[in-house]
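Colleague: sequence first, predicted model second:
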Amino acid sequence: LSIIKINLKLISEDLKCSDADELGKDAERANRMFTRALRKIAVVEKETDRLEQILNGFLRYIGKTELQQASVDINSLIGDMVDFYSAQAHSHSIIIRQQLYEKPLVCRVDVDMLKQVILNLFINAQQAMGNSGELIIRTDRQKKDAVIQISDTGSGIAPDKLPKIFDVYYSSRPQGSGLGLPTAKKIIEAHNGTISVNSDLGKGTLFTIRLPIQNK
């Protein structure tokens, strides 16, 4: 909020510092002033968007997780999310690899909420890798659980930070809200599932989601 206030004040000062007649006589000066104003407006817009995301994330986290469940093949849902995210991955030179279980993995899930979790993990992986790397998605069946594994070849997470990543408001990124992974954990646990993480510093990170398979 302080950044927004400062930039709004500077914009106001820029636009008030000279009257219209003076600006009309000095086109170059007017152009510089408006260019500065536009840059400050862009900062305000970016900061406002970030605050909106944090607020929305907070509201999702504190809100009651009411599931709208349906029977869904996890492999199909993963395929949809890969199709959705492939253009974004390509723009960062990230290769997506899928290794899906050979049979359907049908679970009772809230499709929109589970997609939110998957997308959040994709975005985290991309941010960890920067502008190159591999995003690997695997599915499997282990006893009565469907297993989703999402791994990256990014920078990894330091051992002392790993236990904190599901804590509310904890983030290793300066611009992170610290709500993405806690919200993901809350959603998965609302499905009677689990989410866990393993990471090797300098090599990458692996998230594992387990969801109960629907009884026939």
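Modeller: Ah, there it is. Treat the numbers as computed from the prediction; the structure is a model and nothing was measured.
Colleague: walk me through the domains of the chain.
Modeller: By the record's domain assignment, the chain is partitioned as 2-62, 69-212 (automatic domain parsing).
Colleague: may I see those arranged in TSV, with mean pLDDT and mean neighbour count as well?
Modeller: C-beta here means a position set from N, CA and C on the backbone, and glycine is covered the same way. Output for the domains of the chain, formatted as TSV (pLDDT from 0 to 100; neighbours: other Cβ atoms under 10 Å):
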stretch	mean pLDDT	mean neighbour count
domain 2-62	62	13
domain 69-212	90	17
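Colleague: what separates stretch 140-158 from the chain centre, distance-wise?
Modeller: The gap between the average C-alpha position of stretch 140-158 and the chain average comes to 17 Å, counting by Cα atoms, centre = their mean, to the nearest Å.
Colleague: and if you look at stretch 185-201?
Modeller: Centroid displacement of stretch 185-201 relative to its chain, using Cα atoms, centre = their mean, is 15 Å.
Colleague: what about that stretch, how long is it end to end?
Modeller: Here the two ends of stretch 185-201 are set 22 Å apart, with distance taken as Cα to Cα, to the nearest Å.
Colleague: so what touches that stretch?
Modeller: When contacts are taken as Cβ atoms under 8 Å, 6 or more residues apart in numbering, the neighbours of stretch 185-201 outside the stretch itself are 61, 65, 67, 107-110, 113-114, 116-117, 145, 155-159, 162, 165-166, 184, 205-212.
Colleague: over to stretch 80-91?
Modeller: Stretch 80-91 is touched from outside by 95, 96, 98, 115, 118, 119, 122, 126, 135, 137, with contacts defined as Cβ under 8 Å, 6+ apart.
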